[in-house]
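Q: got a sequence here, can you build the structure:
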Amino acid sequence: MTSRVVLRERQQWSGSAMVSSGAGAATLIGLDVMKAGGNAFDAAVAVSAALTVTWPMSSGPAGDMAAILHSERRNQTLSLTSLGRAPMAAEIDFFRQRGFATVPRTGLYSSTTPALFDAWVALSESGYCRLSLAGLLEPAIGLATEGIVVSSQFQKWTRDNMAFLDKAFASTYAPAVDADAVGRRLRQPGLAAFLRLAGNLDGEELRGRVGHELSRLHCDGGHYFTAEDMKLPHAEISLAMPRKKLGAWSVHTTPPPTQGILCLQNLALLENLCDRPLDLSTAPNIHVLAEAINHTFGWRLRHLGDPNFVTVPDALKDQTLRQLEAEMDLTMRSPSCVGGWYNLGDTTHFVTADGDGNVVSWVQSLGLGFGAGMGIPDYGMLLCNRLGRSATLVPGQANCCAPHKRPVNTIFPWMCINGDSIVLAGGTPGGDGQCQWNSQVLGAMVLGGLDAVQALSMPRWTLYPGSDKMERGMEPSLKVDDSMSAVTRAQLEGFGHRIVVSANVGGANRILRVGRGHLWALDDGRQEGLTAGR
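A: Coordinates of the predicted model:
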């Protein structure tokens with residue numbers, strides 16, 4: 001089945017409510033919330049919580065999130081981020097003294113402070129939501145208590161990541177890998193207990209409870225977290241910046257330390273270097289974007305970090321873009337900007353909208369599959385391993401580990417708004433692929449003039465290695481959909497790209513359009529999920 005046929009089956013039109021997410025149960029919960037009097041912001045909290053139950057290897061209450069929120073009545077486009085921090089213990093010497101050359105990939109020492117649940121609290125208390133947090137979490141509690149139905153994708157993703165789980169969590173998820181598990185229910189009582197707690201405590205008290213439990217965790221007889229690490233809230237709501245004006249569209253994303261700014265850099269470079277309308281299906285233009293991605297990843301490694309700790313340069317300044325253009329080779333693939341930098345199923349995305357014009361695009365993650373592989377069993381709370389996935393131990397580097405510092409995070413959503421009050425919102429899971437696939441889809445729409453169906457139907461591709469520590473040492477390549485023509489693949493090889501053909505490249509891109517009295521959403525069918533409206 002081609003992606004274009006899948007798209008025809010997965011489009012939905014509506015006038016009053018729309019949700020697209022990676023789980024049918026989560027999508028229906030979001031629609032039910034809006035039917036019961038909630039708005040798109042209420043639905044976002046409920047869908048987010050439900051996804052921690054339906055895809056526990058991809059997201060959890062202890063994970064990270066980044067969202068763009070649009071309020072039509074208030075005429076505001078906002079950024080909401082809630083990103084974990086390194087604990088106070090996470091000094092360079094802490095890791096060096098334990099024999100680590102870099103922050104370990106999994107385990108207690110790879111983890112950051114739990115953050116996602118702070119976003120639920122902050123949004124429910126912000127004045128944008130209509131319903132109580134307890135009520136918004138109730139459907140997810142029901143899913144965790146009664147059990148979710150194990151699908152083939154759930155079974156595969158669990159099997160692929162079981163090796164990273166400690167004994168306490170392995171016992172919860174092991175039934176999902178049994179030969180006859182598909183179609184059976186999997187219960188998560190610890191997660192249900194935490195969700196009940198989250199609905200009945202204020203933010204400070206909830207963080208205190210979590211901090212107390214974190215302080216009890218230990219590795220090799222030593223402790224990593226203290227209760228003090230959870231004193232500060234994580235959620236931040238502000239105007240959606242940075243943004244980039246492209247033709248009639250204003251493209252918004254979330255701020256550093258998320259990688260949304262790299263997507264805007266890629267789009268700016270395409271605008272400067274390619275003819276309009278942009279055809280991103282041709283080998284020369286694919287090569288230009290691949291070169292842009294390589295060099296914006298290099299910029300990220302040199303400059304991107306937590307703005308509370310490092311000065312992040314203006315990524316969209318003309319001088320910055322000219323320097324990136326000078327580094328690019330438009331005739332041949334450049335050497336990987338990631339090579340030699342490091343000394344040595346993991347995210348989910350959804351969109352919601354209501355009939356009043358409110359829109360949310362939200363990404364949440366545990367870092368890698370099942371995150372750190374351990375956490376607080378009584379709360380069913382797996383810790384996020386973003387520190388292990390991202391941070392370095394090299395003094396002077398922008399993303400070097402430091403106490404309370406937020407590591408660079410691959411997650412980001414996007415939102416486009418034009419003068420006719422048309423709003424497009426979207427995103428995708430997929431680590432460093434997010435910068436690449438969002439750039440391809442957005443570039444095709446805002447610079448190429450394609451509609452969402454056409455943009456999502458184009459063959460997808462991914463440049464390797466990206467800037468992620470997990471991709472260090474990979475042989476440079478361009479992985480492409482098998483729907484890409486043989487002629488285009490041969491032309492890309494002429495640009496010096498080593499082509500690897502795959503049946504399915506990329507995570508599930510979801511796009512929602514709001515305007516002129518209608519809601520329209522679709523997903524590209526690359527993963528499980530449901531796009532639905534009423």
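Q: measure the residue nearest to residue 429 when sequence neighbours are not counted to residue 368 for me?
A: Among residues not flanking residue 429 along the chain, residue 347 sits closest, at 3.6 Å (Cβ to Cβ, 6 or more residues apart in numbering). All C-beta atoms are positioned from the backbone trio N, CA, C, and that covers glycine. Computed as Cβ to Cβ, to the nearest Å, the residue 347 to residue 368 distance reads 9 Å.
Q: then residue 488?
A: Counting by Cβ to Cβ, the gap from residue 488 to residue 368 is 32 Å.
Q: so which of those two has more stuff around it?
A: Neighbour count, other Cβ atoms under 10 Å: between residue 488 and residue 368, residue 368 has more, with 26 against 17.
Q: ok, now which ones touch residue 393?
A: Residue 393 is in contact with 92, 95, 96, 100, 101, 102, 103, 343, 400, 401, counting by Cβ atoms under 8 Å, 6 or more residues apart in numbering.
Q: can you count the residues close to the first one?
A: I take that to be residue 92. Here the count is done by other Cβ under 10 Å, and residue 92 has 16 residues near it.
Q: what does the pLDDT read for it?
A: We have a pLDDT of 97 for residue 92.
Q: and for residue 218?
A: At residue 218, the pLDDT value in this model is 86.
Q: gap between the most centrally placed residue in the chain and residue 434?
A: With distances taken as Cα atoms, centre = their mean, residue 411 lies nearest the centre of the chain, 3.3 Å away. Going from residue 411 to residue 434 by Cβ to Cβ gives 7 Å.
Q: wait, residue 263 sits on residue 432?
A: No. Counting by Cβ atoms under 8 Å, residue 263 sits too far from residue 432 to count as a contact (11.2 Å).
Q: neighbour count for those two, which is higher?
A: Taking neighbours as other Cβ under 10 Å, residue 263 and residue 432 compare with residue 263 leading, 26 against 23.
Q: does residue 307 touch residue 257 like I think?
A: Yes. Under the criterion of Cβ under 8 Å, residue 307 is in contact with residue 257, at a separation of 7.3 Å.
Q: neighbour count for the two, which is higher?
A: Applying other Cβ under 10 Å to residue 307 and residue 257 shows that residue 257 carries more neighbours, namely 27 against 12.
Q: list the contacts for the more buried one?
A: So residue 257 contacts 83, 304, 305, 306, 307, 399, 406, 407, 408, 409 (Cβ under 8 Å, 6+ apart).
Q: again with residue 56
A: By Cβ under 8 Å, 6+ apart, the contact set of residue 56 is 173, 188, 191, 370, 380, 382.
Q: in terms of pLDDT, where does it sit?
A: Listed pLDDT for residue 56 reads 96.
Q: confirm it sits in a helix?
A: No. Counting by DSSP: H, G, I helix; E, B strand; the rest coil, residue 56 is located in no helix; its state is coil.
Q: so how far is residue 434 from it?
A: 20 Å.
Q: now residue 171
A: For residue 171 relative to residue 434 (Cβ to Cβ), the value is 32 Å.
Q: more crowded one of these two?
A: Each of residue 171 and residue 434 has its neighbours counted (other Cβ under 10 Å); residue 434 has more, 30 against 11.
Q: isn't the more buried one up against residue 440?
A: No. If you go by Cβ under 8 Å, residue 434 and residue 440 don't touch, sitting 11.0 Å apart.
Q: low-confidence stretches in the stretch 151-300 of the chain?
A: For the stretch 151-300 of the chain, the stretches with pLDDT under 70 are 221.
Q: picking that back up, of the contacts of residue 257, buried ones?
A: Neighbour counting by 16 or more other Cβ atoms under 10 Å classes 83, 304, 305, 306, 399, 406, 407, 408, 409 among the contacts of residue 257 as buried.
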